[in-house]
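Student: Structure for this input, please:
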Amino acid sequence: MKFKVTEVLLNYGMPLVVRAKNEKGGEFIGVNYHDPEDGSPYSFYFVRPRPKILSEFLDQKIDLRYLITHGSYKAKYEASTWADVDEDFVAKTYEEVIPEDMLPEPRLFNPTPTPRSSAVDKRKILIDGRWDVADLSLFSDLVRDTYSFAYALTKSKVSLTLKSIFERYPWRGGSSSLAFFNSLSDFIKKDESVKVTKMQYASPGFLEFSLRSDVADLIKSLVIDINSNESSAGRAYDEARSYLRDKDWLTQSEEDIPDLTPEQIAEVEKIMSDLCEGLGLVDFKTHIFELSANNHLAGVKILLAFYRRLKKFADYSATGKAVEIFAA
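Tutor: Below is the predicted model of the structure:
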């Protein structure tokens, strides 16, 4: 099988870990397992990682050993190559089980992660008080979900991919909400996703994140607004949810209600508009309506789900456990 080296991930006087592709574009990771002394090409074995595993390795979420032992397809190959970028070479099937002395040491993470976007900055959230494991898990989810939604709002151009996420789910129950925010998170460009860069658990301590500064500023303003005495977010949420409950629409999608009257459609659009204003998203109202153009009932439920996450985020700030939200 013909391969081509596409990138050297680790070089220590010689290429040690490389990326390669076969003729069909399949992605492979190659590991140097022999240091030649006779001037001959280096000996590599190659594995084909599963796409998600490769992405996690490149993003420094898993180490190389796990990729090889747990995250690759069964077929393996070996080849002699100088491993120069764009070098073509022929690999043959490697029939043996890779022995322990040829496996990389644990905790060998990708040393050359994808550079971060120029729009990304580092921001801190100061933490205080007593946190337990449940707090850490919940707060991480709240940061991810609110960032994902706010990130979508800052995209001035409505792509088909983003629009499909807003229109994809039936919104009959909680599973739609979970799937929606997961899909939004997957939509974010890798170099602009939110990442934890530092943490110090103490009273006081801090969490430092790498994320888009404009998205961080939007979330900060929403948290400040929802915690203010003048905030109308809670009232807008209660009114919208009461309307859906009275109509028995909380667990129904527009597909389940084929006979919406023009008056009901106008009422749903009014509720959606009120939610945008109540949540402090008036500047994004046109954008939100565009994203939910074919299903404003789902749009209302999306905003309700966002409010619930935003309110829990804001509660951490209101109680003093997480303050100075995304301080520069």
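
Student: Can you show me the strands along the stretch 1-150 of the chain?
Tutor: 2-11, 15-22, 27-34, 42-49, 72-81, 88-90, 92-93, 120-127 (DSSP state E, counting those that start in this stretch).

Student: Take the ones you listed and lay them out in TSV including distance to N229 and mean neighbour count.
Tutor: Using the backbone N, CA and C atoms, a C-beta is placed for each residue, glycine as well. TSV is the format used below for these (distance: least, CB to CB, whole Å; neighbours: other CB atoms under 10 Å):
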stretch	distance to N229	mean neighbour count
strand 2-11	54	17
strand 15-22	55	21
strand 27-34	54	21
strand 42-49	53	21
strand 72-81	56	16
strand 88-90	68	14
strand 92-93	70	9
strand 120-127	23	20
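
Student: These: which one's closest to F149?
Tutor: Evaluated over the strands of the stretch 1-150 of the chain, closeness to F149 peaks at strand 120-127, with 17.3 Å, by CB to CB.

Student: And the average pLDDT for the closest one is what?
Tutor: Average pLDDT, strand 120-127: 97.

Student: then it to PDB, C-alphas only?
Tutor: Output of strand 120-127 as PDB, limited to C-alpha atoms (Å, rounded to 0.1, in the frame of the first residue of the first chain):
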ATOM      1  CA  VAL A 120      -9.200  33.500  21.200                       C
ATOM      2  CA  ASP A 121      -8.100  35.000  24.500                       C
ATOM      3  CA  LYS A 122      -7.600  33.800  28.100                       C
ATOM      4  CA  ARG A 123     -10.200  34.700  30.700                       C
ATOM      5  CA  LYS A 124     -10.600  33.900  34.300                       C
ATOM      6  CA  ILE A 125     -13.500  33.100  36.600                       C
ATOM      7  CA  LEU A 126     -12.700  33.600  40.200                       C
ATOM      8  CA  ILE A 127     -14.000  30.800  42.500                       C
END
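
Student: contacts for it?
Tutor: For strand 120-127, the surrounding residues in contact (CB atoms under 8 Å, 6 or more residues apart in numbering) are 191-192, 197, 201, 204-213, 216, 321-328.

Student: Among those, name the buried ones.
Tutor: Buried residues within those, counting neighbours by 16 or more other CB atoms under 10 Å: 192, 206-207, 209-212, 216, 321-322, 325-326.

Student: pLDDT (mean, whole number) over the helix or strand Y237 falls within?
Tutor: In the assignment (DSSP states H and E), Y237 maps to helix 233-246. What helix 233-246 shows for mean pLDDT is 96.

Student: Over to stretch 186-196?
Tutor: Stretch 186-196 comes out at a mean pLDDT of 93.
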